[in-house]
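K.L.:
what's the 3D shape of this:
(one chain, ligands or ions: 2)
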Amino acid sequence: MAAKHALPVLRWSSRVFSVELNGAPFYFALADRPEAEAPRLFGQLPRARRCFSLLLRSADRVHAARLHARLRDALLRELPPECRLAPMCSFLPEVRDSVLRGFFLQDGPDSPSPTPRLLEALAQQHALLLCSYTPDRENRHWTQHVWSLEGGTRVDVGTGLCVVCSEAPRCHPAALSMINSDVFRTFQDARDVLTECVAVLPEASSVLEHLPSRAPSSAPPAFPVLVVEGLDATGKTTLTESLRDALGAVLLRSPPQSLAPWRALFDREPPLLRRAFYAVGNYVTAEQAAQQAMKTPVVVDRFWHSTAAYAIATAVSGPPSGLPDPGSEVYRWPADLLRPSLVVLLTLDPEERRRRLRDRGQGKTEEERQLDHNQLFRLRVEEAYRRISGPPCIAVDASPSADQLLQQVLLLVRSRCCL
Ligand SMILES: Nc1ncnc2c1ncn2[C@@H]1O[C@H](COP(=O)(O)OP(=O)(O)OP(=O)(O)O)[C@@H](O)[C@H]1O
Ligand SMILES: Nc1ccn([C@@H]2O[C@H](COP(=O)(O)O)[C@@H](O)[C@H]2O)c(=O)n1
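P.N.:
Numbers count the residues shown, from 1 in each chain. Ligands and ions are numbered 1, 2, ... in the order given. Predicted coordinates for the structure are as follows:
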């Protein structure tokens, strides 16, 4: 039976709504009376066209995560081309796990538009909250109505609250629900997600069979465990293989080879499932590292820094200023995960990294394309890497030649790990 999770509280007048239109966040709230002017989001509309939103409420987080992805695909496929679709969420400021996710739509000018019927059908089929936003005659004030779809008829649950301006929250709303949705703080929390998704993703049971029964020991290893981190094409594979040869070390990767058959499948799943997959992969690699480090040094290609940094940077949009504050719990090393002796973070000039990616000749993953074209995403990943606290993380310029870089890192290892 899928684990159930508390439904966020619906105190409409306390909630803030965030809509990302053309990559820019707009925030609004609801009040009993209108303000002097409508929030910029509504003022941005070319003219008073009908607006709607769909918000998901589900006690089953796996169901909600996969439904959100399916809804996005359905809306992109079936909405009229002139209808604008934007990601939306609603949250209670500073209240963890209060986030409701969904979509904001600005309908096209033509009537009758198919949009309202499509949204009603989706809302009824998936028990979603359907909201409509209507302006007054002067197109100055907007009102939100929340509709309940009962038995095929729209019942106005009578919120009828006025849409008013709201200031931007201190951090991106996603930061309120990041832990155990994007970043997992324990092996069991990540494992629970895989257990919950077996009913809809049977392959998850194969992954579970490859996991330790509990978090492996996180006791300090006898020999050093060295992790190499960095963006795609910074030279991790090249350096870790050279370190293995130079130190007579064992080379491990995360996710481990034992989970390779399911990686592509989980890469196509929404963040909740994908990030849980990579999180449990770190624990499998940690168990292997702990065993090997009893007799020889161990080198690991990517580990928890990658899992946390990419998850955090993906969950948040916009500039790095929207990331959770430095020192937040989300950056802290999991207490049940092996702490490496040293983490080397390879840094590289973006143009040189692009050149290496090109010369490597392999195809690009969606994430690599994002890193290439979305400078804000790349800056968020780099900043999230830097904010992670726990084992010592040393940034090393990866632009020298492969051999020069190896010598530099060997000096670092020998000085820090007494090898
Ligand atoms: N120090 C270096 N100087 C110049 N080129 C390098 C250097 N290190 C690696 N390369 C080249 O850059 C490309 C990417 O290197 P590599 O595959 O080691 O990076 P990576 O970080 O493991 O990439 P990914 O994370 O995407 O697997 C390869 O073609 C490699 O030959
Ligand atoms: N420990 C890890 C390792 C990887 N990831 C995610 O996979 C992406 C690609 O990794 P490659 O090693 O194939 O370049 C990486 O960007 C992360 O999103 C992870 O989360 N945790």
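K.L.:
Next up, the contacts around whatever residue of the stretch 1-150 of the chain ends up closest to ligand 1.
P.N.:
The shortest separation between the stretch 1-150 of the chain and ligand 1 is 24.9 Å, found at residue 69 (distances taken as Cβ to the nearest ligand atom). Every residue, glycine included, has its C-beta placed from N, CA and C. Applying Cβ atoms under 8 Å, 6 or more residues apart in numbering to residue 69 gives the contacts residue 270.
K.L.:
what about the helices in this protein?
P.N.:
Secondary structure of the chain, counting by DSSP state H: helices at 40-43, 61-78, 115-126, 187-197, 203-209, 236-247, 260-267, 271-292, 304-315, 350-360, 366-373, 375-387, 402-417.
K.L.:
Please tell me how far the residue most central in space within the chain sits from ligand 1.
P.N.:
With distances taken as Cα atoms, centre = their mean, residue 315 lies nearest the centre of the chain, 3.2 Å away. In this structure, residue 315 and ligand 1 are separated by 21 Å, where distance is defined by Cβ to the nearest ligand atom, to the nearest Å.
K.L.:
Pretty sure that residue sits against residue 178.
P.N.:
Yes: counting by Cβ atoms under 8 Å, residue 315 does reach residue 178; the two are 5.7 Å apart.
K.L.:
Tell me which residues touch residue 329, please.
P.N.:
179, 185.
K.L.:
and if we set it to 10 Å?
P.N.:
96, 178-179, 183, 185 (Cβ atoms under 10 Å, 6 or more residues apart in numbering).
K.L.:
would you turn the residues you listed into a markdown table with neighbour count, pLDDT and distance to residue 232?
P.N.:
Shown next, in a markdown table, are the contacts of residue 329 (neighbours: other Cβ atoms under 10 Å; pLDDT from 0 to 100; distance: Cβ to Cβ, whole Å):
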| residue | neighbour count | pLDDT | distance to residue 232 |
| --- | --- | --- | --- |
| 96 | 13 | 92 | 32 |
| 178 | 26 | 97 | 23 |
| 179 | 17 | 96 | 26 |
| 183 | 27 | 98 | 20 |
| 185 | 19 | 96 | 26 |
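K.L.:
Can you tell me which of those residues is nearest residue 309?
P.N.:
For residue 309, the closest of the contacts of residue 329 turns out to be residue 183, at 9.5 Å, with distances computed as Cβ to Cβ.
K.L.:
what pairs with that closest one across the strands?
P.N.:
Each beta-bridge partner of residue 183 is listed here: residue 179, as defined by DSSP bridges.
K.L.:
do you know how far it is from ligand 1?
P.N.:
Counting by Cβ to the nearest ligand atom, the separation of residue 183 from ligand 1 is 20 Å.
K.L.:
And that residue, how far from residue 77?
P.N.:
For residue 183, the distance to residue 77 equals 31 Å [Cβ to Cβ, to the nearest Å].
K.L.:
Next: residue 148.
P.N.:
26 Å.
K.L.:
Who has more neighbours out of these two?
P.N.:
Relative neighbour count places residue 148 above the other of residue 148 and residue 77, with 15 against 7, counting by other Cβ atoms under 10 Å.
K.L.:
Please list all residues in contact with the nearest residue to the more buried one once chain neighbours are set aside.
P.N.:
Taking Cβ to Cβ, 6 or more residues apart in numbering, and ignoring the residues beside it in sequence, residue 148 has residue 155 as its nearest neighbour in space, at 4.6 Å. If a contact means Cβ under 10 Å, 6+ apart, then residue 155 has 146-149 as its contacts.
K.L.:
show me the contacts for the closest residue in space to residue 376 that isn't next to it in sequence.
P.N.:
By the measure of Cβ to Cβ, 6+ apart, the closest residue to residue 376 outside its immediate chain neighbours is residue 319, 5.7 Å from it. Counting by Cβ under 10 Å, 6+ apart, residue 319 touches 172, 375-376, 379-380, 383.
K.L.:
would CSV of these with neighbour count and distance to residue 407 be doable?
P.N.:
Output for the contacts of residue 319, formatted as CSV (neighbours: other Cβ atoms under 10 Å; distance: Cβ to Cβ, whole Å):
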residue, neighbour count, distance to residue 407
172, 24, 41
375, 11, 32
376, 16, 35
379, 16, 30
380, 26, 32
383, 17, 29
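K.L.:
what's the most distant pair in these?
P.N.:
Comparing every pair within the contacts of residue 319 by Cβ to Cβ identifies 172 and 375 as the most remote, at 17.1 Å.
K.L.:
Can you check the pLDDT for the residue nearest to residue 212 when sequence neighbours are not counted?
P.N.:
In space, residue 212 comes closest to residue 287 once its chain neighbours are excluded; the distance is 5.4 Å by Cβ to Cβ, 6+ apart. The confidence metric pLDDT takes the value 95 at residue 287.
K.L.:
Tell me how far residue 287 lies from ligand 2.
P.N.:
Residue 287 sits at a distance of 14 Å from ligand 2 (criterion: Cβ to the nearest ligand atom).
K.L.:
Poorly predicted segments of the stretch 151-300 of the chain, please.
P.N.:
For the stretch 151-300 of the chain, residues meeting the criterion pLDDT under 70 lie at 151-152, 158-159.
K.L.:
which parts of it sit against ligand 2?
P.N.:
232, 254-255, 278, 282 (Cβ under 6 Å from any ligand atom).
K.L.:
8 Å - rerun?
P.N.:
For the stretch 151-300 of the chain, the residues in contact with ligand 2 under the definition Cβ under 8 Å from any ligand atom are 231-232, 236, 253-255, 267, 274-275, 278-279, 281-282, 285.
K.L.:
How about the stretch 301-419 of the chain?
P.N.:
Within reach of ligand 2 by Cβ under 8 Å from any ligand atom, the stretch 301-419 of the chain has these residues: 301-307, 310-311, 314, 365, 367-368.
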